[in-house]
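Q: Dropping the sequence and predicted coords here.
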Amino acid sequence: MRRARAEWDELVVEFKSTHADRIHPLRASLKQVTRETVFVIDRLLDQKGWSRADQSALKEIACHTAEALLHANPDDVEIRTIFDRHSSMTFQEAQREEIEDLKQQAKEHMGIDLDDADIESEEDLVQHVYERMKDDEARQQEHSAERRKSRGQQKAEASAQTAKRYLRELYRKLVSAVHPDREADAARRAEKNELMQQINRAYATNDLLTLLEAQRQLELIDPDHANQLGSERLQQFNRLLAEQLEAAKTELRSLQDAFRVDHELPPGRAVNPQDLHLLSQRRARELRAHINQQKRFLEVLANKGSTKRWLKEQRRFDVDSDED
């Protein structure tokens with residue numbers, strides 16, 4: 001299980017590194033041409049001779065594009081200024097209205113009342129919703145645990161306490177044997193000091209496997225040691241190891257599921273390097289397509305005449321779509 005977790009962590013780290021090298025420059029380019037689009041439309045709107053319909057359409061495009069940029073970076077003062085100049089309400093007012101709508105939706109569809117919460121952004125709202133859901137889930141689990149409490153569970157808890165007691169005994173035995181201050185040789189003392197830190201971390205997290213490995217490193221285990229442990233202690237150790245293995249599997253599954261959701265990968269399917277390579281290529285193609293589309297739009301906005309022709313075509317297209 002440790003190998004599986006290490007392989008997963010290595011896979012994710014490598015993906016993030018290569019993904020960042022490929023994607024971040026493209027995202028920066030897309031942001032640059034998108035910001036330029038907002039500035040160009042703002043300059044066009046300063047010119048005279050626009051019809052009311054053309055002016056309204058340009059303002060709508062400028063505000064829509066600026067709003068998308070501001071959601072990614074609310075501190076972009078230049079873009080915020082352009083949005084506020086051409087919108088019927090400031091970005092702060094629009095954001096406050098959007099938050100109120102989201103709060104109302106959370107109340108209607110999820111039963112979460114956030115009227116008393118201090119929320120300044122959409123991220124704050126999401127965090128408050130998550131915390132409320134987490135608190136509700138914890139209360140439900142606590143209530144269910146109390147209802148399911150039985151003699152069998154009490155026995156299991158007693159068994160867990162016994163396993164922890166054996167774990168503590170093993171820890172004390174290892175600490176006594178490995179204590180660096182009792183070692184005269186400097187090199188050996190350094191090794192024992194590192195091993196002592198490893199033992200302390202393992203005991204703090206109930207990591208029985210690491211403690212047993214440390215015991216093996218110290219050559220405390222002889223061929224007949226398993227028989228000396230006694231059947232009851234072996235059962236407790238096996239139970240504790242099984243619990244730790246299941247917890248590690250659950251944690252790894254959760255990490256993989258979250259990764260699939262974040263990157264829109266099919267659920268339940270094993271993630272491999274080839275899938276991640278294809279994912280990174282697909283994201284890069286999509287970003288290049290958006291960049292090229294935005295650049296073509298900038299060519300349209302290069303002068304007033306081409307912009308007017310484009311707006312006229314858009315209105316004609318909208319009319320045809322409505323008729324269809």
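A: That came through, no problem.
Q: quick check: longest helix of the protein.
A: Looking across the chain with DSSP state H, the single longest helix is helix 2-46.
Q: and that one, what's its mean pLDDT?
A: Helix 2-46 comes out with an average pLDDT of 90.
Q: what helices or strands is it leaning on?
A: helix 52-72, helix 77-86, helix 231-262, helix 273-300 (3 or more C-beta pairs under 8 Å, 6 or more residues apart in numbering; DSSP states H and E). Placement of C-beta: from N, CA and C, glycine included.
Q: right, so of those, which gets closest to Asn193?
A: Proximity to Asn193 (C-beta to C-beta) singles out helix 231-262 among the helices and strands packed on helix 2-46, at 25.8 Å.
Q: What angle do helix 273-300 and the closest one make with each other?
A: 20 degrees (axes from the mean of the first three to the mean of the last three C-alpha atoms, to 10 degrees).
Q: any idea of the mean pLDDT in helix 231-262?
A: Helix 231-262 comes out at a mean pLDDT of 74.
Q: and the helices and strands packed on helix 2-46 as JSON lines, adding mean neighbour count and distance to Ala28?
A: Compiled in JSON lines, the helices and strands packed on helix 2-46 are given as follows (neighbours: other C-beta atoms under 10 Å; distance: least, C-beta to C-beta, whole Å):
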{"stretch": "helix 52-72", "mean neighbour count": "17", "distance to Ala28": "12"}
{"stretch": "helix 77-86", "mean neighbour count": "18", "distance to Ala28": "15"}
{"stretch": "helix 231-262", "mean neighbour count": "14", "distance to Ala28": "21"}
{"stretch": "helix 273-300", "mean neighbour count": "14", "distance to Ala28": "10"}
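Q: which stretch among those comes nearest Glu137?
A: With C-beta to C-beta as the criterion, Glu137 lies closest to helix 231-262 of these, at 14.6 Å.
Q: Please state the offset of the closest one from the chain centre?
A: Distance of helix 231-262 from its chain centroid, counting by C-alpha atoms, centre = their mean, to the nearest Å, is 22 Å.
Q: tell me the contacts of Asp84?
A: Listed by C-beta atoms under 8 Å, 6 or more residues apart in numbering, the contact set of Asp84 reads Thr90, Phe91.
Q: measure it to Leu70 for me?
A: Distance of Asp84 to Leu70, computed by C-beta to C-beta, to the nearest Å: 10 Å.
Q: and for the two, which residues touch both?
A: Shared contacts of Asp84 and Leu70, defined by C-beta under 8 Å, 6+ apart, are found at Phe91.
Q: domain assignment for this structure?
A: 17-88+284-324, 101-149, 151-270 (automatic domain parsing).
Q: between those domains, which gets nearest to Arg3?
A: Among these, the nearest to Arg3 by C-beta to C-beta is domain 151-270 (11.0 Å).
Q: Where does pLDDT dip in this protein?
A: The chain contains residues with pLDDT under 70 at 1, 120-122, 144-163, 166, 180-183, 208, 216-237, 240, 244, 319-324.
Q: Quick check: most distant residue from the centroid of it.
A: Each residue of the chain has a distance to the centre, and by C-alpha atoms, centre = their mean the biggest one is for Gly49: 49.0 Å.
Q: and the domains of the chain as a markdown table, adding distance to Ala4?
A: Formatted as a markdown table, the domains of the chain follow (distance: least, C-beta to C-beta, whole Å):
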| stretch | distance to Ala4 |
| --- | --- |
| domain 17-88+284-324 | 21 |
| domain 101-149 | 28 |
| domain 151-270 | 6 |
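Q: Tell me which of those domains sits nearest to Gln95.
A: Closest approach to Gln95 among those (C-beta to C-beta): domain 101-149, 7.2 Å.
Q: Return the distance of that closest one from the chain's centre.
A: 19 Å.
Q: So for Asp101, which of the helices and strands packed on helix 2-46 sits nearest?
A: Here helix 52-72 is closest among those (C-beta to C-beta), at 14.5 Å.
Q: Can you tell me what sits against that closest one?
A: 31, 34-35, 37-38, 41-42, 44-45, 50, 76, 79-80, 82-83, 86-87, 91, 94, 122, 307-308, 311, 314-315.
Q: residues contacting the residue farthest from the centre of the chain?
A: Lys304.
Q: and it, how far is that from Ala57?
A: 15 Å.
Q: next one: Asn73
A: Taken as C-beta to C-beta, the spacing of Asn73 relative to Ala57 amounts to 25 Å.
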